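Chemist: got a predicted structure plus its sequence, pasted below:
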Amino acid sequence: MTIESAASCSRSNWSVQIRTILYRFAPLIGTLIFLPLAARAKEVPAQIRVNQVGYETGQSGRAYLMARGRADGSKFSVMDLQGTASSFGTVGAVAGTWSKWNVYVLDFTIAKSGTYSIAVTGEFAAKSPVFKVDTPANLYAVALSNALAFYQNQRDGADFIPSDLRTAAGHLNDKSAKVYQTPETGGREGWQLKSNLVPTGTTIDASGGWWDAGDYLKFVHTASYVMAMMLVGRRDFPNQMGPGSPATDFTNEAKFGLDWLLRMWDDNSHTLYYQVGIGSWASGMENDHSIWRLPQEDDTSHGADARYRYIRNRPVFVADAAGSKISPNLAGRLAGNFALCYQIFHASNPAYANRCLLAAEHVFDLANTRPTGPLLTALPHEFYGETEWQDDLEFAATELHLALRNGSLPEGLPHPDPNFYLDAATSWAYQYIRGRGKDSGVLGVADISSLAHFDLYRALAGQDSNAKLGVTPEELLADLRKTLDHAVDQAGSDVFGFGMPWEGDIAARGLALAVMAREYDFLSKSSTFSGYAQRWMASTLGANAWGVSFIVGDGTTFPHCIHHQVANLVGSKDGQEPILAGAVVEGPQRKAESGAPRGIATCPPNGADPFAEFNDHEATYRDNAKFYSTNETAIDLTAPSFLIFSRWVAGAP
């Protein structure tokens, strides 16, 4: 989360305003810079949008023609590199409009693997970018490798992985970090510090972990969500994310993330530390969001200058006193992560797995099941909003149940009976289903109910049907479908068939909806949402109004100027290597907001805005490093990518 980040932060509808306030009113951040509109690219009569990663051989594919007039009845063909047409079609009736464009659906099927493009002839002649037609394994191999590389480049601490972007370790001082009480925040929007930081007298090892986004903060809130996705993927798809595929084996990366969470949870004293670094502003101090720099500069930043004290020696914030109850959202995700740790490592690293399982049960028992006020997410809370928490406890109890079914268990477990957790999982699922908000349900950092439902459904298989449990498999499936049906309704009113309004984390949400659609079809043994899953994933990979794949390095047209300090300062400005491959950016917003701390490298160098003519009142996209609202990446935004790619290749867990 960089400054922007102040949030990849809040993934709520008002997160953009918070970021804007952060830039606009923080004197140390500098004057907010609003870029003038660059000269528009030369307007062309038609464009073709495709899934730039490609389409499956022998399966129906969909592209879109955007024309500045009526193109009904025009002819189109799908041709290989030699110009041989493999599929023909006629452009049908207009599907809808987007800004000044009429949009038409182009459906086709290619029986032979190869590299192709689509050409439309007539008054609105156009040619698409090239794309592959192949098996899922061949289509998504590079994309999955890119996703792994993204997290490797986000590594903090001594165990960084050298690359063209990373040449030195950063934040080595985190290994001996001072702990502080959570300060009171306030001010105009609640993000300013109202008092000095107060140390607790404790020092911990907070090294490692991933940077949250384009900045260098580290949050248990977002890291625990990423770990849930990564560990589920590593367990369910060993031939895509495990030893079965050495080029995309996430095992070491998953353990790297777990190691950091185990540092942030002290199982001996039962103390949770939830954040490293500070992005809030106060007079007389620099913070993570006020300067743009490389991570290796921080440990000695500006010598003894007191204004940079929290850059050199980053504060760690404690959730509460040792043994206190834990906010249930964090307790649930942490306990679930540690239970998954046991499931994955109990054979290869039993001592580590046993440590995880003990920690999982301890954290679960400390969950505050009667929370009042905002759930604990980050400091300040405005960085990330979250209201649901029963889903997190359902997830934790489900994974603990599955872990305890593995056989040999460590001594000293508070609850060794797997049925204890099955009862808890179904109870929390019941409460979530009957109490969830109308806008909840979509997989993301604030709601993991679909992950929980999927595993709980499978855990209930073979259980005594007469057992008095909180929910039935049918109720879990119905709740998953409720969210998907809502997405289908939305897709029916969108010219590109997208399942959500074009506002807020749109790229990640397209991937997440595809994950959920595939989950439902697997559990229901149907293909109910198969076509929607394909189109929702494709919307992130280029089949959208802008013709942009919102994943760096995936496809032919992707963001060149992401709001990310290392990528901006070390990477290229034209899409050539080195790039932060695999990074999923925010994507289009109803209103694109800009701003940056001092030190950012101008990108694009000429201020061009080649996508301006494709913007609509519904959404705007800017490929510009200063536009954090559309072009920042984050670890939580990227997480659905590796899960959908693995699921698409494997077909089933």
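Modeler: In hand now; what should we look at?
Chemist: in terms of helices and strands, where is T115?
Modeler: strand 114-120 (DSSP states H and E).
Chemist: can you point out the buried residues in that strand?
Modeler: With burial defined by 16 or more other Cβ atoms under 10 Å, the residues of strand 114-120 counted as buried are 116-120. C-beta coordinates here come from the backbone N, C-alpha and C atoms, glycine included.
Chemist: format those residues as TSV; extra columns: pLDDT and distance to F364.
Modeler: Below are these laid out as TSV (pLDDT from 0 to 100; distance: Cβ to Cβ, whole Å):
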residue	pLDDT	distance to F364
Y116	98	51
S117	98	53
I118	98	52
A119	98	58
V120	98	57
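Chemist: out of these, which one sits closest to V363?
Modeler: Y116 (50.8 Å; Cβ to Cβ).
Chemist: where's the closest one relative to W98, distance?
Modeler: Distance from Y116 to W98, counting by Cβ to Cβ, to the nearest Å: 25 Å.
Chemist: now N606
Modeler: From N606 to W98 the distance is 27 Å (Cβ to Cβ).
Chemist: and for N419?
Modeler: Counting by Cβ to Cβ, the gap from N419 to W98 is 53 Å.
Chemist: neighbour count: those two, which is higher?
Modeler: Shown here are N419 and W98; by other Cβ atoms under 10 Å, W98 has more neighbours (21 against 14).
Chemist: okay, and the beta partners of that one?
Modeler: Beta-bridge partners recorded for W98 (DSSP bridges): W101.
Chemist: kindly state the pLDDT recorded for it?
Modeler: Note for W98: predicted pLDDT of 97.
Chemist: correct me, but it touches H617?
Modeler: No. With contact defined as Cβ atoms under 8 Å, W98 does not reach H617; the gap is 10.0 Å.
Chemist: let me see the domain layout of the chain.
Modeler: Residue ranges of the domains in the chain are recorded as 46-133, 154-471, according to automatic domain parsing.
Chemist: deepest-packed of the ones you listed, please.
Modeler: Neighbour counts (mean count of other Cβ atoms under 10 Å) averaged over each of the domains of the chain peak at domain 154-471, with a mean of 20.
Chemist: could you pull out the helices in the stretch 201-350 of the chain for me?
Modeler: Applying DSSP state H, counting those that start in this stretch to the stretch 201-350 of the chain gives helices spanning 220-236, 238-241, 251-264, 309-312, 328-345, 350-365.
Chemist: ok, which of those comes nearest P588?
Modeler: Among the helices of the stretch 201-350 of the chain, the nearest to P588 by Cβ to Cβ is helix 220-236 (21.7 Å).
Chemist: on contacts alone, who are the packing partners of the closest one?
Modeler: helix 238-241, helix 251-264, strand 271-276, helix 328-345, helix 449-460, helix 635-650 (3 or more Cβ pairs under 8 Å, 6 or more residues apart in numbering; DSSP states H and E).
Chemist: is it possible to get TSV of these that adds mean pLDDT and distance to T109?
Modeler: Output for the helices and strands packed on helix 220-236, formatted as TSV (pLDDT from 0 to 100; distance: least, Cβ to Cβ, whole Å):
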stretch	mean pLDDT	distance to T109
helix 238-241	98	25
helix 251-264	98	37
strand 271-276	98	50
helix 328-345	98	39
helix 449-460	98	30
helix 635-650	98	18
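Chemist: list the contacts for R314?
Modeler: 171, 173-174, 177, 206, 276-278, 288, 298 (Cβ atoms under 8 Å, 6 or more residues apart in numbering).
Chemist: cross these against strands and list the overlap.
Modeler: Residues of those located in strands (DSSP state E): 177, 276.
Chemist: in TSV, list the contacts of R314 along with distance to V445.
Modeler: Shown next, in TSV, are the contacts of R314 (distance: Cβ to Cβ, whole Å):
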residue	distance to V445
H171	23
N173	27
D174	23
A177	24
A206	21
V276	18
G277	18
I278	20
D288	19
D298	25
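Chemist: what sits against the closest residue to T602 other than its chain neighbours?
Modeler: Closest residue to T602 apart from its sequence neighbours, by Cβ to Cβ, 6 or more residues apart in numbering: A625 at 7.4 Å. By Cβ under 8 Å, 6+ apart, A625 lies in contact with 561-563, 568, 596, 600-603, 631.
Chemist: which among these count as buried?
Modeler: 561-563, 568, 596, 600-601, 603, 631.
Chemist: which two among those are spaced furthest apart?
Modeler: A601 and N631 (13.6 Å).
Chemist: flag the shaky bits of the stretch 401-550 of the chain, pLDDT-wise.
Modeler: 465-466 (pLDDT under 70).
Chemist: can you give me the strands in it?
Modeler: Taking DSSP state E, counting those that start in this stretch as the criterion, the stretch 401-550 of the chain contains no strands.
Chemist: show me where it has its helices.
Modeler: Secondary structure of the stretch 401-550 of the chain (DSSP H, counting those that start in this stretch): helices located at 418-435, 449-460, 473-492, 506-524, 530-540.
Chemist: now distance to V363 too, for these, in CSV please.
Modeler: Below are the helices of the stretch 401-550 of the chain laid out as CSV (distance: least, Cβ to Cβ, whole Å):
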stretch, distance to V363
helix 418-435, 13
helix 449-460, 16
helix 473-492, 24
helix 506-524, 25
helix 530-540, 33
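Chemist: which residues sit against stretch 367-376?
Modeler: By Cβ under 8 Å, 6+ apart, the list of residues contacting stretch 367-376 from outside reads 221, 274, 319, 325-332, 335, 381, 386-387, 389, 393, 396.
Chemist: ok, now with 6 Å
Modeler: Residues outside stretch 367-376 that contact it (Cβ atoms under 6 Å, 6 or more residues apart in numbering) are 325-331, 381, 386, 389.
Chemist: repeat for stretch 534-548
Modeler: 49-53, 98, 496-499, 507, 510-511, 513-514, 549-550, 555, 557, 611, 614, 621, 644.
Chemist: picking up where we left off before, quick one: the helices of the stretch 201-350 of the chain as CSV, columns for distance to K482 too.
Modeler: Listed next are the helices of the stretch 201-350 of the chain as CSV, based on distance: least, Cβ to Cβ, whole Å:
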stretch, distance to K482
helix 220-236, 21
helix 238-241, 29
helix 251-264, 31
helix 309-312, 45
helix 328-345, 21
helix 350-365, 27
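Chemist: surely S145 meets T248?
Modeler: Yes. The criterion here is Cβ atoms under 6 Å, and S145 meets it with T248 at 5.3 Å.
Chemist: who touches both of the two?
Modeler: Shared contacts of S145 and T248 (Cβ under 6 Å, 6+ apart): none.
Chemist: which stretch among the helices of the stretch 201-350 of the chain comes nearest V445?
Modeler: Smallest distance to V445 across the helices of the stretch 201-350 of the chain (Cβ to Cβ): 4.5 Å, for helix 220-236.
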